[in-house]
Each structure stands twice: as C-alpha cells, then as structure tokens.
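1. I'll drop the sequence and a predicted model, then ask my questions.
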Amino acid sequence: MAAPAVPKSRILLLCGLGNPGGQYARTRHNLGQIVVDHLQKQLRSPPFTQSTGWGGTLSLPADHEGGIALFKPSAYMNNSGKSVKKAWDNFITQTDKPRATLVVLYDDLESNFGAVKLAEFGKGKGHNGIKSCNAHLGFETYFRIKLGTGRPESRNPEDVARFVLNPFTREEWDEVERSVVPRVIQMIDKIRNTPYA
C-alpha cells in the first residue's frame, strides 16, 4: 500500500501596508512595510523591484512552490487595497490556487508596542488600510498579522494621527528587529502549515 501523500504547505503572498515615500519610511504607520523589509533580508528573498502590473514593489522567488512573495503597495495607506487586489490577482494566476494564501501585515494602535497577533478575518476596527483591502478584495477571510504600536493617551484624532506618523524612537526601532521580526517569522511558519481547503 502506498504511503499517504504529505500535504503541501501554503504558498504565501505577504503584503506590508504603509505609505510610500522616504518621509514615512520609519513611522509607526509603516510598521507593516518595515517588517516586510526585514523579512526580505532575513529570508534572503530577491531584492524588491517596482512592478506596475502588481501595483507596488515586489520580491518574488523563482520557486513559487517553496518561496514566499513579499509585496509593498505603491498606493497610500487609505487606498492600499487597490494595490493589494492587483497583487493578489497576479499571485493566484502564477501559483497553485488552492494553496495560495494572502497575509496582510499592518500597524495596530490597539495593541501594546511589540505585540504580534494573528487574525483570520475582520472589518479592520478603524484601520483604513484594512478597510480598503476588504473593499477592493471583496472578501475578509485572509490572514492578518497585527503589529502593535501602542497608542497615545489622547483620543483626539489629530493627536492619534501625529502619533502614527511620527518615527519610532531608536530603542523601538531596535526592538522591531530584535523581537518583533522573529515572532513574525514564527507566525509565518504557522500559517504555512495551517491546513487549507
């Protein structure tokens, strides 16, 4: 009797949300893209290249079967879903569709700085990037990795906007690489080995 087939792992498209432009590169609101940049180095993925057809910058492994694609939308956060939809549509035409899995990484005000949480669906709870993704994708059942930034004491929208658009402190920046990124990698491994339909 033949041995049962070993299930293949999921094939991932990791999308890091943020705003384009150097003035936003080290801000809290760009934490999704910051982590994706670290992943590109730690996973030894190909360099990012601009892809108009995909709607952003892309690190695409030659071997889709074993690799992880990394993507950063070229659109601003509030419209990032348009770019994510273009990337997802391209991704599923180039991979084994049942195994293709979308993972969106984004900053989370409601979690303490350094927290890394996994969710599989939801409306975004006020995060405009996730709202845009839901609207353009037409579905909410994709993996999200929520990256805690903490929040200011004030609930005033202007104070919150100022907080998320300010850069990380030197200590916070170091903590992202030292602690947050390794936990994200563990979470990615968990997602890859989650059974798919």
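-> Arrived safely.
2. in the longest helix anywhere in the chain, what counts as buried?
-> The single longest helix within the chain, with elements called by DSSP state H, is helix 80-94. For helix 80-94, the neighbour count (16 or more other CB atoms under 10 Å) marks 80, 81, 82, 83, 84, 85, 86, 87, 88, 90, 91, 92 as buried. The way it works is simple: take the backbone N, C-alpha and C, and place the C-beta from them, glycine included.
3. just for this structure, where's the confidence low?
-> By pLDDT under 70, the weakly predicted segments of the chain are 1-7, 63-66, 122-124, 197.
4. which parts of this protein are helices?
-> Going by DSSP H, the chain shows helices at 31-42, 80-94, 128-137, 157-164, 170-175, 181-192.
5. the longest helix of the chain vs helix 31-42, what angle?
-> Inter-element angle recorded for helix 80-94 and helix 31-42: 40 degrees (by axes from the mean of the first three to the mean of the last three CA atoms, to 10 degrees).
6. now do helix 80-94: distance to the chain's middle.
-> Taking CA atoms, centre = their mean, to the nearest Å, one finds the center of helix 80-94 at 13 Å from the center of the full chain.
7. try stretch 150-161
-> In terms of CA atoms, centre = their mean, the centre of stretch 150-161 is found 23 Å from the chain centre.
8. spatially central residue in the protein, please.
-> Nearest to the mean C-alpha position of the chain, by CA atoms, centre = their mean, lies residue 105 at 2.5 Å.
9. pretty sure it contacts residue 18?
-> No. Here residue 105 does not reach residue 18: they are 9.3 Å apart, not a contact under CB atoms under 8 Å.
10. any residues in contact with both of these two?
-> Taking CB atoms under 8 Å, 6 or more residues apart in numbering as the criterion, residue 105 and residue 18 both touch 31, 32.
11. hang on, the earlier thing: residue 149: which of the buried residues of helix 80-94 is nearest?
-> residue 80 (16.9 Å; CB to CB).
12. before we move on, the earlier item: which of the helices of the chain sits closest to residue 9?
-> Closest approach to residue 9 among those is made by helix 181-192 (4.4 Å; CB to CB).
13. give me the buried positions along that closest one.
-> Quick answer for helix 181-192 (16+ other CB under 10 Å): 181, 184, 187, 188, 191, 192.
14. try stretch 13-33
-> Buried residues in stretch 13-33 (16+ other CB under 10 Å): 13-20, 24, 27-33.
15. and if you look at stretch 139-151?
-> When burial is assessed from 16+ other CB under 10 Å, stretch 139-151 yields the following buried residues: 142, 143, 144, 145, 146, 147, 148, 149, 151.
16. also stretch 150-166?
-> For stretch 150-166, the neighbour count (16+ other CB under 10 Å) marks 151, 163, 164 as buried.
17. distance from that stretch to the middle of the chain?
-> The chain centroid and the centroid of stretch 150-166 are separated by 22 Å, computed with CA atoms, centre = their mean.
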